[in-house]
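[1] turn this into a model:
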Amino acid sequence: MPVRGKKRKGKIILGKFERMMRQSSIFFLFILFFLFMIFPSATSWCTNIIDDTCQNYSRSRIYLQGPTPDDNAFAYHYNFCKTSLEAVPTSRCTDLRGLGFIAINLLRHNTTNTRRHIRGLLGRKRLDELSKRHLESCLHMYRDNAKALTEVLKEYIARKLEAAAGHVATVVISAANCEYGLHFRGLHTPWDSPLTKQNLDASQLATISLSIMDMQKS
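    Next up is the predicted model:
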């Protein structure tokens, strides 16, 4: 092919390529503009679902306290719920079912960390026999909780919410029993429990999970 023919063909290809690039740039700018326009409303929706979920959860906790609810208690439950869920980046733009997955996984994470913490406490040299016995009991409870939560995920995925809720409820009971045992050490004399925060967090995360499941039923 003559050199002039090659140059002409090259110019045609280059011209087509430039047109395609201009069209792509226009399309890209249009997409950016579109995302910019819808982003505020999307953010609002993402924020609202966490806020609504935590409001509902806090109201249910306050309802259990009787006819004279404590405003401070409502704020405590609400802030714990909101802070816990928002700590997971994907929670900001998911639906109610997705928040349920997140709450259950936060509870599993709490269970794993608590078991590790208990093993650390049991490894201490200066540990009285009574405390050791109660810590071992708590370790056994949290080991059972871990197995139960594995079943919870399977049941939740299969949308067996009643069965999943039943297993999650056992976590609340276990946390309360662990805390009571450590607090009194069987002597009916209050002592400081080394697992108060872990047990309270487990109870809160479990009841958040139960609240989200209940919201899905209604």
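
[2] from here on, just use CA atoms for contacts and neighbour counts.
    OK.

[3] who's in contact with the nearest residue to A75 once chain neighbours are set aside?
    Closest residue to A75 apart from its sequence neighbours, by C-alpha to C-alpha, 6 or more residues apart in numbering: S58 at 7.8 Å. Going by C-alpha atoms under 8 Å, 6 or more residues apart in numbering, S58 touches 74-75, 77-78.

[4] in what helix or strand does S58 lie?
    If you go by DSSP states H and E, S58 is part of helix 3-63.

[5] after that helix, which helix or strand is next?
    Assigned by DSSP H and E, the successor of helix 3-63 is helix 71-86.

[6] what's the next helix or strand after that following helix packed up against?
    Heading C-terminal from helix 71-86, the first helix or strand you meet, by DSSP H and E, is helix 96-122. Under the contact criterion of 3 or more C-alpha pairs under 8 Å, 6 or more residues apart in numbering; DSSP states H and E, helix 96-122 touches helix 71-86, helix 129-157, helix 196-217.

[7] gap between the residue nearest to A75 and G120?
    33 Å (C-alpha to C-alpha, to the nearest Å).

[8] show me the shaky parts of this protein.
    When residues are selected by pLDDT under 70, those of the chain lie in 1-47, 62-71, 185-190, 218.

[9] circling back to that earlier point, give me whichever of the helices and strands packed on helix 96-122 is most buried.
    Most buried of the helices and strands packed on helix 96-122 by mean neighbour count (mean count of other C-alpha atoms under 10 Å) is helix 196-217; its value is a mean of 20.

[10] quick one: it to helix 129-157, angle?
    Here helix 196-217 runs at an angle of 20 degrees relative to helix 129-157 (axes from the mean of the first three to the mean of the last three C-alpha atoms, to 10 degrees).

[11] so who does L85 touch?
    50, 91, 99, 102-103.

[12] follow-up on the earlier one: now the contacts of S58 in CSV, with distance to T111?
    Below are the contacts of S58 laid out as CSV (distance: C-alpha to C-alpha, whole Å):
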residue, distance to T111
F74, 25
A75, 25
H77, 20
Y78, 22
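
[13] ok, of the residues you listed, which one's closest to N110?
    H77 (17.1 Å; C-alpha to C-alpha).
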